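1. Provided below are the primary sequence and the corresponding predicted coordinates.
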Amino acid sequence: MPETFHLLIADAHPLLPEGSALPALPPLPRLEALLRRLQVSDTLTCDDDAPDTPLERALAHAHGLPGAPGQVPWAAFDTATLGTPCAWLRPCHWQLGMDHITLLPPKQLLLTEAESRALLAAVQPLLQEDGLTLTYQRPDAWLAQGELLRGLTTWSMARAAQQPLTREVLSHAPTPAQSAHLRRLQNELQMLLYTQPVNDAREQARQPPVNALWTEGAGVLDHAIAPNPAVQVDARLAPAATPDLAAWQAAWQAIDADSVAQLAQQLAAGADVRLTLCGPRRAITLKRGTGLGFRVSSLFSPQRLSSLREQL
């Protein structure tokens, strides 16, 4: 079967306050030309209570990963771990309100490797008592393994950072006993993190302390699934990377000049291609248009990015 080249553009529709107008797009000649040759093949919609983002759901489909939303075994997939319940534990900062939690966007934490390793060493003995082993992967993510993670439904950090949260939606376990166990462990972890010298130093430097660990990507892989090398995510439109309109428009133009241009070249060479535009509510996937009906509609009513992004 010929290889399918798949480009996913994250944040093609930015997350905006209610009632805000979409920012103006810059000229994107390659993308507009490409869209005239593509037709919508699939639309993924995430409800307000979904545990994942449209991008994450579309990416799981692109790699052929198993699991319902919130149960995709991302940690096992990312680390090629087989046969063992895994999850990502991610150092984070919770801003506690009267009846909800606000998760600080992970990129704002700016945790160093030294800080992350020191915190991992501090919490590891407590987690080992509950049968969980930790392995450092990067400053913002540790791999956790153990039976306590089996069957969990977890919210992704990207999804959770978009709205206020209650403790009840942090993770769902299949049994009340497992849920109580996890809540108790989270409380103990929070108390332990509160006393860490790393956090004292961060507060003195006016940086947010790490006061919780976020669990995401829990699940088990029974057989190896290799990442699809033809799947590419372009995340240059992410809000943290585009603080103003000029930077956002420049990011669009950079995507148009390279990622989109490469996909158009693959299409011109006869390859099977997919383009997925991701927003806060939906991910729309397009493929090569075929048939007389498509050719007629493309000629008289070509598909435009402006109309597609309004659906995201």
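-> Noted; the coordinates are in hand. None of the values given here were measured: they were computed from a predicted structure.

2. Show the contacting residues for residue 216.
-> Residue 216 makes contacts with 74-75, 87-88, 90, 154-157, as judged by C-beta atoms under 8 Å, 6 or more residues apart in numbering. Any C-beta I mention is one placed from the backbone N, CA and C, and that applies to glycine too.

3. Domain-wise, how is this protein divided?
-> Here the domain assignment for the chain is 4-64+228-310, 74-219, based on automatic domain parsing.

4. Least reliable of these by average pLDDT, please.
-> Ranked on mean pLDDT, the bottom entry among the domains of the chain is domain 4-64+228-310, at a mean of 88.

5. End to end on it, go ahead and measure it.
-> Domain 4-64+228-310 has an end-to-end distance of 27 Å (criterion: C-alpha to C-alpha, to the nearest Å).

6. again, but for stretch 216-228
-> The separation between the terminal residues of stretch 216-228, taken as C-alpha to C-alpha, is 21 Å.

7. could I get whatever helix or strand residue 180 lives in in PDB with only the CA atoms?
-> Using DSSP states H and E, residue 180 sits in helix 176-194. What follows is helix 176-194, C-alpha atoms only, in PDB (Å, rounded to 0.1, in the frame of the first residue of the first chain):
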ATOM      1  CA  PRO A 176     -14.300   3.200  43.700                       C
ATOM      2  CA  ALA A 177     -11.400   1.700  45.600                       C
ATOM      3  CA  GLN A 178      -8.900   2.600  42.900                       C
ATOM      4  CA  SER A 179     -10.400   6.100  42.700                       C
ATOM      5  CA  ALA A 180     -10.000   6.600  46.500                       C
ATOM      6  CA  HIS A 181      -6.400   5.200  46.300                       C
ATOM      7  CA  LEU A 182      -5.500   7.700  43.600                       C
ATOM      8  CA  ARG A 183      -7.100  10.700  45.400                       C
ATOM      9  CA  ARG A 184      -5.200   9.700  48.600                       C
ATOM     10  CA  LEU A 185      -1.900   9.500  46.600                       C
ATOM     11  CA  GLN A 186      -2.500  12.800  44.900                       C
ATOM     12  CA  ASN A 187      -3.100  14.500  48.300                       C
ATOM     13  CA  GLU A 188       0.100  12.900  49.700                       C
ATOM     14  CA  LEU A 189       2.100  14.000  46.700                       C
ATOM     15  CA  GLN A 190       0.900  17.600  47.100                       C
ATOM     16  CA  MET A 191       1.900  17.700  50.700                       C
ATOM     17  CA  LEU A 192       5.300  16.200  49.800                       C
ATOM     18  CA  LEU A 193       5.900  18.700  47.000                       C
ATOM     19  CA  TYR A 194       5.000  21.600  49.300                       C
END
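
8. what secondary structure does residue 16 sit in?
-> Three-state call for residue 16 (DSSP: H, G, I helix; E, B strand; the rest coil): coil.

9. Can you report how many residues lie near the residue nearest to it when sequence neighbours are not counted?
-> Distances taken as C-beta to C-beta, 6 or more residues apart in numbering put residue 22 closest to residue 16, at 7.3 Å, once the chain neighbours are dropped. Using other C-beta atoms under 10 Å, residue 22 is surrounded by 12 other residues.

10. what angle separates the next helix or strand after the helix holding residue 180 from helix 176-194?
-> Sequence-wise, the next helix or strand downstream of helix 176-194 (DSSP H and E) is helix 197-204. Interaxial angle, helix 197-204 versus helix 176-194 (axes from the mean of the first three to the mean of the last three C-alpha atoms, to 10 degrees): 60 degrees.

11. hmm, back to that, can I get the contacts of residue 216 in JSON lines with neighbour count, distance to residue 285 and secondary structure?
-> JSON lines is the format used below for these (neighbours: other C-beta atoms under 10 Å; distance: C-beta to C-beta, whole Å; DSSP: H, G, I helix; E, B strand; the rest coil):
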{"residue": "74", "neighbour count": "25", "distance to residue 285": "20", "secondary structure": "helix"}
{"residue": "75", "neighbour count": "28", "distance to residue 285": "25", "secondary structure": "helix"}
{"residue": "87", "neighbour count": "27", "distance to residue 285": "28", "secondary structure": "strand"}
{"residue": "88", "neighbour count": "24", "distance to residue 285": "26", "secondary structure": "strand"}
{"residue": "90", "neighbour count": "24", "distance to residue 285": "28", "secondary structure": "strand"}
{"residue": "154", "neighbour count": "28", "distance to residue 285": "25", "secondary structure": "strand"}
{"residue": "155", "neighbour count": "23", "distance to residue 285": "23", "secondary structure": "coil"}
{"residue": "156", "neighbour count": "24", "distance to residue 285": "20", "secondary structure": "coil"}
{"residue": "157", "neighbour count": "22", "distance to residue 285": "24", "secondary structure": "helix"}
